[in-house]
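> Okay, predicted coordinates and the sequence, questions at the end:
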Amino acid sequence: MKQLLAMRKIFLIIGFLFLACQNEKAPKIILVDTKVEVIDKNVSKQAAKLSIDGMMCAIGCAATIEKNLSKTQGVVSAQIDFESKTGWVIYDTTSDVNPQSLIAIVEKSGDGKTYKVSASSSINPLEVPLKN
């Protein structure tokens, strides 16, 4: 009987140790950067699609053109896709911005000779693709 009680205690202790020493993995937390673009619904918007020649890389050329367009007063959003050599710009029609001024900004980016807009068209702002 004493041996049976001793065996129970040993199994009980081993059971507690086994349960207490399990390696439970903590849930993996992944942080994701997000960018939210708020567009004022009261602004009259139009969009332009630009075909841009002369871009050599996505990081330098496309990013420079996108930055120059984005910082222009009256431009709501600008997005340049290096692969398709295309730019989409949404702008406020009540501002001084128009397709010709957007073309001038693109062509003055860099040294002023590198980038040329070969075609432009006005499109519905809802046709502008979302950034990936």
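Cool, the structure landed. The structure displayed is predicted, hence computed values, not measured ones.
> Can you list the low-confidence ranges for this structure?
1, 4, 11, 15-26, 33-43, 132 (pLDDT under 70).
> could you pull out the strands for the chain?
Here the chain has its strands, by DSSP state E, at 45-53, 75-81, 86-92, 116-123.
> Relative to R8, which of those strands is closest?
strand 75-81 (71.4 Å; CB to CB). Where you see a C-beta, it was placed from the backbone N, CA and C, and this is true even at glycine.
> Off-centre distance for that closest one?
12 Å (CA atoms, centre = their mean, to the nearest Å).
> Next, the angle strand 86-92 makes with it.
Relative orientation of strand 75-81 versus strand 86-92 (axes from the mean of the first three to the mean of the last three CA atoms, to 10 degrees): 180 degrees.
> what's strand 75-81 packed up against?
Using 3 or more CB pairs under 8 Å, 6 or more residues apart in numbering; DSSP states H and E, the elements in contact with strand 75-81 are helix 63-70, strand 86-92.
> Could you list the alpha-carbon positions for the first one in CSV?
Spelled out, that is helix 63-70. C-alpha atoms of helix 63-70 as CSV (Å, rounded to 0.1, in the frame of the first residue of the first chain):
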residue,chain,number,x,y,z
ALA,A,63,10.1,57.7,-57.8
THR,A,64,11.4,61.1,-58.7
ILE,A,65,8.6,61.8,-61.1
GLU,A,66,6.0,60.6,-58.7
LYS,A,67,7.5,62.8,-55.9
ASN,A,68,7.5,65.9,-58.1
LEU,A,69,3.9,65.3,-59.1
SER,A,70,2.7,64.5,-55.6
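> ok, and for that helix, which residues are buried?
64-66, 68-69 (16 or more other CB atoms under 10 Å).
> can I get those residues in TSV with distance to K116?
Shown next, in TSV, are those (distance: CB to CB, whole Å):
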residue	distance to K116
T64	15
I65	12
E66	17
N68	15
L69	15
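> Pick out the most distant pair among the residues you listed.
It's T64 and L69 that sit farthest apart of those, by CB to CB, at 9.7 Å.
> Over to the nearest residue to D96 once chain neighbours are set aside: give its phi and psi.
Nearest residue to D96 in three dimensions, chain neighbours excluded: G74, at 6.2 Å (CB to CB, 6 or more residues apart in numbering). Backbone torsions for G74, taken as degrees, to the nearest 10, come to phi 100, psi -20.
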